[in-house]
Structure formats: structure tokens, C-alpha cells
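Enquirer: Sequence first, then the predicted structure:
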Amino acid sequence: MSAKDRFEHWREAIGQARQCEATSAHADDFTARVRCSGLGPVTLVGSSFPSARFRRSERMVRRSDGPELYHLTLLTAGHEVLRTGAEQTEKLRPGDLLLLDSTHPYDARLFGGGPGEPRVEGIGLDFPLELLPMPPRLLRGLRGRRLSGREGTGALLADFLLGLDRQAAALRSAEASRLGSVAVDLVAAWLAQELDAETALPPDARRRALVEKVRAFVRQNLHDPGLTPSVVAAAHHISVSYLHRLFTQESQGETVAVWIRGQRLRKAHRDLADPALWDVPVHAIAARCGMLRAPEFSRAFKAVYGLSPREHRHRSLSEPGDG
């Protein structure tokens, strides 16, 4: 495929995800990647491309006969200059989040970060307006504004999108649909935090968002052998009994303690297969995952994976194609 054909193919793919006019000064020497994944009624779009411009005019808005959509973007490389009105200009850098919708015009110019980072990269989440459990009027002040994905619920949402983009191709249909709903709940929780209006969210959305916060907290603290349900509950200002009830409702009956243990073993399984960690002793890998008793770790690992930790490491690193 010629560079010009690649550009037209990319522009068509972008147009299917987000109806806008896409142009680029690099059209004659164009390379790009677009990954579109359906998560039920939600679409996840991962992209990498050279500097480009995206415009959605008033005329395009008026003539659009498709569903009204929210467009959420996490910028991961490059920078963006966005205009959504005569006097509203926003400048975004990696780690920023941006919410637009298809009912308003915009003009976005995206630039690569320089010689060492010449491309623009990002992750988008598109979903119908009616899926967000918040009235659009509440979001007028946030639409088209640069918002941070580096702290609080914004950081949780950004990490979730990054993980979702990595795993999307391997998801089964039912799991993809469930995670699409979780993503929208996290968007709602993030926006509610920005508005200081968490109570505006329906109870189900608040509950699901809290479960994702708990899961993220656990994953970030697997190294701590003292990570217990009581510690998790205290960190989220809820009772242990409510944590257990919340978790079993959203995790097919799995308890918090069982899920923590499973995450520790999963991390150990991954680390033991990592060539960069070949010199790290098995017991040290276990300790990094919060499991200090080597015999107990080995028994639990073999019960789940059918191999001892040493056997798994040897098989993974001696036969990379099967690991």
C-alpha cells in the first residue's frame, strides 16, 4: 500500500470512529496504527500517527445522522492544541484527558513530541450520550477542557484505559461488554469528582466505580504482605463487611482475600517468566508479590498453575515461544 493510500485508509478508519475531517502534512509519507475494539455499545480506539489535524464543523454537526456520542481521549505522546469556540483554546500534553461530544464543533491540532518522540499517541473511548448516568447540562463546564489523568480518579481512569487497550484483543464478547460498562462508570466517577458531585451518580455506578478503585489499590500494593481486607477497607473509608458485600456482588462471589491472593500469584507467574528478572531468586519474586513464606507460596502456585515456580520459570525461559 502506498503512503497516500495508507493515509486515505487511516482517514477512513478515523472517520468511522469519530466523524470529522482529518488532514496531515505527512500524507505523502504516512504511517499510522489504529486499533478499534468493540466493548458492547462502547468503542475503544488506540492510535499512533504523525502530526495531524481533526476538524468537526458546525455543518458536519448539523448534517450528522448518527448517534450522539461522547468522545474521551487520553493523550499518551505528543501534544494537542484544541479550539472549541472563538475564545476557548486548550493545550494538552501526555497524561491529559479530554471530553468532547459529537453535538459540538471542534478543531484539534496534534503534534509529535520532537525528534525522540515524533508521533502522536493516544487512547479514545466513544460511547452514546445516554450511557453516561449524568445529565449533559452538568458537563458544560468540563467539555473541551484539559483535565489531568495523573491523580485521583483521573489516574485510575487513565490506568484502566491503558490496561484495556493492552488486553482488548484477547477479551471475549461478554467480558468486553462488561468492561465497557465499567469504563463508562469510571468516566462518570471521574467527572463527578471534577464537579464535586459524586452524589449525582446512581448507586450502581458509584458501587462499580468503587470496586475498580479497590482493585487498582490492591494491584498497586501487592508488594505489601500486610495487604488485607481490613487495610483495603480502611484505605477507602468503608467497613470490612461492606467491602466484602460490595466485592462479592461485583466479582461473581469471589471474596476480597481470594482475589488478593490470586493477584499475587498472577504477578509472580508473570515475573517468573520475565527474562529481565532471571537473576532474581524465586523466593525474592514471591516476596515482591507480598508472599514471604516460600513453602506456602510454592504450594499455592502449583495448585493454581500445575507447575512449581521453578518449573514454570525454566519452561518459560527455555521455551519462549510457549511462555
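Expert: Yep, that arrived.

Enquirer: SS state for the nearest residue to residue 294 once chain neighbours are set aside?
Expert: The shortest distance from residue 294 to any non-neighbouring residue, by C-beta to C-beta, 6 or more residues apart in numbering, is to residue 283 (4.6 Å). For every residue, glycine as well, the C-beta is placed using N, CA and C. Put simply, residue 283 is helix when judged by DSSP: H, G, I helix; E, B strand; the rest coil.

Enquirer: how much space between residue 283 and residue 101?
Expert: Residue 283 is 53 Å from residue 101, where distance means C-beta to C-beta, to the nearest Å.

Enquirer: Next one: residue 208 relative to residue 172, how far apart?
Expert: 19 Å.

Enquirer: Who has more neighbours out of the two?
Expert: residue 208 (23 against 8; other C-beta atoms under 10 Å).

Enquirer: name the element that one belongs to?
Expert: helix 203-220 (DSSP states H and E).

Enquirer: then that helix to PDB, C-alphas only?
Expert: Written as PDB, here are the backbone C-alpha positions of helix 203-220 (Å, rounded to 0.1, in the frame of the first residue of the first chain):
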ATOM      1  CA  PRO A 203     -25.800   4.000  43.300                       C
ATOM      2  CA  ASP A 204     -24.900   1.200  40.900                       C
ATOM      3  CA  ALA A 205     -22.400   3.400  39.100                       C
ATOM      4  CA  ARG A 206     -20.900   4.600  42.400                       C
ATOM      5  CA  ARG A 207     -20.600   1.000  43.500                       C
ATOM      6  CA  ARG A 208     -18.900  -0.300  40.300                       C
ATOM      7  CA  ALA A 209     -16.500   2.600  40.300                       C
ATOM      8  CA  LEU A 210     -15.600   1.900  43.900                       C
ATOM      9  CA  VAL A 211     -14.900  -1.700  43.100                       C
ATOM     10  CA  GLU A 212     -12.400  -0.600  40.400                       C
ATOM     11  CA  LYS A 213     -10.800   1.800  42.800                       C
ATOM     12  CA  VAL A 214     -10.300  -1.100  45.200                       C
ATOM     13  CA  ARG A 215      -8.900  -3.400  42.500                       C
ATOM     14  CA  ALA A 216      -6.400  -0.700  41.400                       C
ATOM     15  CA  PHE A 217      -5.300  -0.100  45.100                       C
ATOM     16  CA  VAL A 218      -4.700  -3.800  45.500                       C
ATOM     17  CA  ARG A 219      -2.700  -4.100  42.300                       C
ATOM     18  CA  GLN A 220      -0.500  -1.100  43.400                       C
END
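
Enquirer: all helices in the stretch 151-300 of the chain, in order from the N-terminus.
Expert: For the stretch 151-300 of the chain, the helices defined by DSSP state H, counting those that start in this stretch occupy 152-167, 173-195, 203-220, 229-235, 240-250, 256-272, 282-288, 294-305.

Enquirer: In terms of secondary structure, what does the helix or strand where residue 75 lies contact?
Expert: Per DSSP H and E: residue 75 is located in strand 69-77. Strand 69-77 sits against strand 96-101, strand 120-128, helix 152-167, with contacts defined as 3 or more C-beta pairs under 8 Å, 6 or more residues apart in numbering; DSSP states H and E.

Enquirer: Could you pull out the buried residues of the next helix or strand after it?
Expert: In the C-terminal direction, the helix or strand that comes right after strand 69-77 (DSSP H and E) is strand 79-83. The neighbour-count check on strand 79-83 (16 or more other C-beta atoms under 10 Å) flags 79, 80, 82, 83 as buried.

Enquirer: Also stretch 254-272?
Expert: Those would be 256, 259, 260, 261, 263, 264, 265, 267, 268, 269, 271, 272, for stretch 254-272 by 16+ other C-beta under 10 Å.

Enquirer: Just give me the closest of those to residue 129.
Expert: The shortest approach to residue 129 among the buried residues of stretch 254-272 belongs to residue 259, at 33.4 Å (C-beta to C-beta).

Enquirer: Provide a list of residues in contact with the closest one.
Expert: Residue 259 makes contacts with 215, 218, 247, 251, as judged by C-beta atoms under 8 Å, 6 or more residues apart in numbering.

Enquirer: one more time with 10 Å, if that's ok
Expert: Counting by C-beta atoms under 10 Å, 6 or more residues apart in numbering, residue 259 touches 214, 215, 218, 229, 247, 248, 251.

Enquirer: That one and residue 245, how far apart?
Expert: 14 Å.

Enquirer: swap in residue 69?
Expert: Taken as C-beta to C-beta, the span from residue 69 to residue 245 is 35 Å.

Enquirer: Looking at the two, which has the bigger crowd around it?
Expert: residue 69 (22 against 13).
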